[in-house]
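Asks: Would you be able to build a 3D model of this:
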Amino acid sequence: MRRIPAEDEWDLVVALASGYPCEPAPHPCPWTTRDRLGVLLQDRNHPDNVQTLAVEPGPNDDCSARIEHLTAEELVLSCTAEKGGNYDNQNFVYDIRARKLVSHFSYPPFFAARTVHGRNGPQFVMADNHRLLLVDIDAATGEPRVVPAAEARPVLARIPMMENSFGDPREPQVLHVPAPQPDPVGAFGPGGRFQLAKVKNGYGSEYPVVMEGQKVYALPQTDFETWRRARPDDTKTPLRPDPAERNEQIGPHQLEDGRLWFGKTFYNSEGLTGVGGFGYFDTATARYRLIAPPEIYAWSVSAILVEPASVWLALYRRGEYGNYPGGLLRWDRKAAQAQHWDVPSVAVNIARAGEAIWLGTVDGIVALRGDQVASYFVDRSAAGRYRIVRR
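Replies: The predicted structure is shown next:
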């Protein structure tokens, strides 16, 4: 799975013996109770000379493991469930010189429950099954840090725990996205004429619409020919999208100058499909204006940030076997052009801090500085201390 220099002529190797195929990194590898993960030292000059630090079975039969962090002292693996959600991270601490495993422990992963605005920029409320942590951006280093408890307590006291922050630790922790918006939209537009409300379609499912009194402004659905041209990946299946399903819906949203900006979201599995896009409801004309560059056709939007020059959109695919990330899209409002970055996690909120764009994700935090993407997660030491570690 991974190899790094250890000391002198020795490499530290993480290897997996499994009956299932393993995709290349950074994709996860099946790690069941019948498989064995090895943390090994291998002599670079004499490859047959291998010394064992640890050999461990998978924690359950529903774990797909991915290396999140690997140093000469520590290995951290995440554990993803087949149909979405995460089991506990597995942490191995070893002593290379003593040729032994010091400790192996596990802890629930943290997700970004929401973003709040602090005095010096965005702060991320991170949650696991039991607790909340506050993470901000260190002004001196530009790196994320766990805010000390005394400093974080006044902020966290105002944040209710999310329903899915509790549960049986033996079950995968699941964060449903899109996450609740930090600033819910109330009445908006001239005189507060409009509101975002939920109504039911012919099948009894709720979906969001803009309303003016009793008048409903439903989001226009993609017609068949447009879908056929935009989604050749789905047209190979026997799908025939039914507009009555109203599978394309208003997702994450933000108000700006009398416009309700939003990203579209749709379930893309089990016979349902859609065409991705974003846009706004213009309260001056009571009309939707939709934008759909090719880069977004196959994706839903999980988070949005509207700025004067740009619209930032976090992309993801919603499917039967959980959700997976589609990266970050920046739409240049003047040039009407899209730029895309690969991001390893599904984002649930977006914020700016200086020149950097920060994403709160279902398994940590991601920073975009220029064209460089850096991913971080909350790690726990053997002594129980929490810290932010770069993947």
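
Asks: OK, contacts around the residue nearest the centre of the chain?
Replies: Centroid check for the chain by C-alpha atoms, centre = their mean gives Val346 as the closest residue, at 2.1 Å. The contact partners of Val346, by C-beta atoms under 8 Å, 6 or more residues apart in numbering, come to Val177, Ser302, Ala314, Tyr316, Asn323, Tyr324, Pro325, Thr361, Val362. For every residue, glycine as well, the C-beta is placed using N, CA and C.

Asks: So which of these are in helices?
Replies: Mapping the contacts of Val346 onto helices (DSSP state H) picks out no residues; all lie outside.

Asks: just to revisit the earlier point, could I get the pLDDT score of the residue nearest to the centre of the chain?
Replies: Note for Val346: predicted pLDDT of 92.

Asks: Kindly report the same for Gly202.
Replies: With respect to pLDDT, Gly202 has a value of 67.

Asks: Quick check: the residue nearest to the centre of the chain vs Glu206, distance?
Replies: 22 Å (C-beta to C-beta, to the nearest Å).

Asks: mind giving me the domain ranges of the protein?
Replies: 2-107, 111-390 (automatic domain parsing).

Asks: Against which helices or strands is the helix or strand harbouring Leu329 packed?
Replies: Using DSSP states H and E, Leu329 falls within strand 322-332. Other helices and strands packing on strand 322-332, by 3 or more C-beta pairs under 8 Å, 6 or more residues apart in numbering; DSSP states H and E, are strand 310-319, strand 337-341.

Asks: Just name the most buried of those.
Replies: Stretch with highest mean neighbour count among the helices and strands packed on strand 322-332: strand 310-319 (a mean of 23; mean count of other C-beta atoms under 10 Å).

Asks: Quick one: end-to-end distance for stretch 251-265.
Replies: Taking C-alpha to C-alpha, to the nearest Å, stretch 251-265 runs 5 Å from one end to the other.

Asks: what bits of the stretch 151-300 of the chain have low per-residue confidence?
Replies: 160-184, 202-203, 238-246 (pLDDT under 70).

Asks: Contacts only, for the closest residue to Cys29 other than its chain neighbours.
Replies: With C-beta to C-beta, 6 or more residues apart in numbering as the criterion, Cys29 has its nearest non-adjacent residue at 3.8 Å, and that residue is Cys22. Neighbour list for Cys22: Met1, Leu16, Cys29, Pro30 [criterion: C-beta under 8 Å, 6+ apart].

Asks: The residues you listed into TSV, with extra columns for distance to Tyr297 and neighbour count?
Replies: Formatted as TSV, these follow (distance: C-beta to C-beta, whole Å; neighbours: other C-beta atoms under 10 Å):
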residue	distance to Tyr297	neighbour count
Met1	33	19
Leu16	36	16
Cys29	30	22
Pro30	31	20
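
Asks: List the contacts of stretch 192-199.
Replies: With C-beta under 8 Å, 6+ apart as the test, stretch 192-199 has contacts from 185-188, 206-213, 216, 218, 250, 253, 260, 281, 283.

Asks: These, buried ones only, as a ChimeraX selection?
Replies: Applying 16 or more other C-beta atoms under 10 Å to these leaves a buried subset, and the ChimeraX line that selects it is:
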select :185,188,207,208,209,210,211,218,250,253,260,281,283
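
Asks: What about the contacts of stretch 192-199, which are in strands?
Replies: The strands, defined by DSSP state E, take in Glu206, Tyr207, Pro208, Val209, Val210, Met211, Glu212, Val216, Ile250, His253, Leu260, Phe281 from the contacts of stretch 192-199.

Asks: Of these, just say which sits nearest to Arg66.
Replies: His253 (31.6 Å; C-beta to C-beta).

Asks: For that closest one, list the residues it contacts.
Replies: The contact partners of His253, by C-beta under 8 Å, 6+ apart, come to Gln181, Val185, Leu196, Leu260, Trp261, Phe262, Gly263, Ile304.

Asks: Repeat that for Glu295.
Replies: Per C-beta under 8 Å, 6+ apart, neighbours of Glu295: Leu329, Ala338, His340.

Asks: which one among the residues you listed gets closest to Arg66?
Replies: Nearest to Arg66 among the contacts of Glu295, counting by C-beta to C-beta, is His340 at 22.3 Å.

Asks: if we look at the sheet, which residues does the closest one bridge to?
Replies: His340 has these beta-bridge partners by DSSP bridges: Leu329.

Asks: How about the contacts made by it?
Replies: Applying C-beta under 8 Å, 6+ apart to His340 gives the contacts Glu295, Gly327, Leu328, Leu329, Arg330.

Asks: gap between it and Arg287?
Replies: Per C-beta to C-beta, His340 is found 28 Å from Arg287.

Asks: Contacts only, for Leu219.
Replies: Residues near Leu219 by C-beta under 8 Å, 6+ apart: Tyr207, Val209, Arg246, Glu248, Gln249, Ile250, Lys264, Tyr288.

Asks: Mind doing that once more with 6 Å?
Replies: Neighbouring residues of Leu219 by C-beta atoms under 6 Å, 6 or more residues apart in numbering: Ile250.

Asks: follow-up on the earlier one: quick check, distance from the strand holding Leu329 to the centre of its chain.
Replies: Mean-position distance between strand 322-332 and its chain equals 9 Å (C-alpha atoms, centre = their mean, to the nearest Å).

Asks: contacts for that strand?
Replies: 83-84, 295, 299, 310-317, 338-343, 345-346.

Asks: got the buried residues for it?
Replies: Applying 16+ other C-beta under 10 Å to strand 322-332 flags Gly322, Asn323, Pro325, Gly326, Gly327, Leu328, Leu329, Arg330, Trp331 as buried.

Asks: Out of the residues you listed, flag the one nearest to Asp233.
Replies: Gly326 (12.6 Å).
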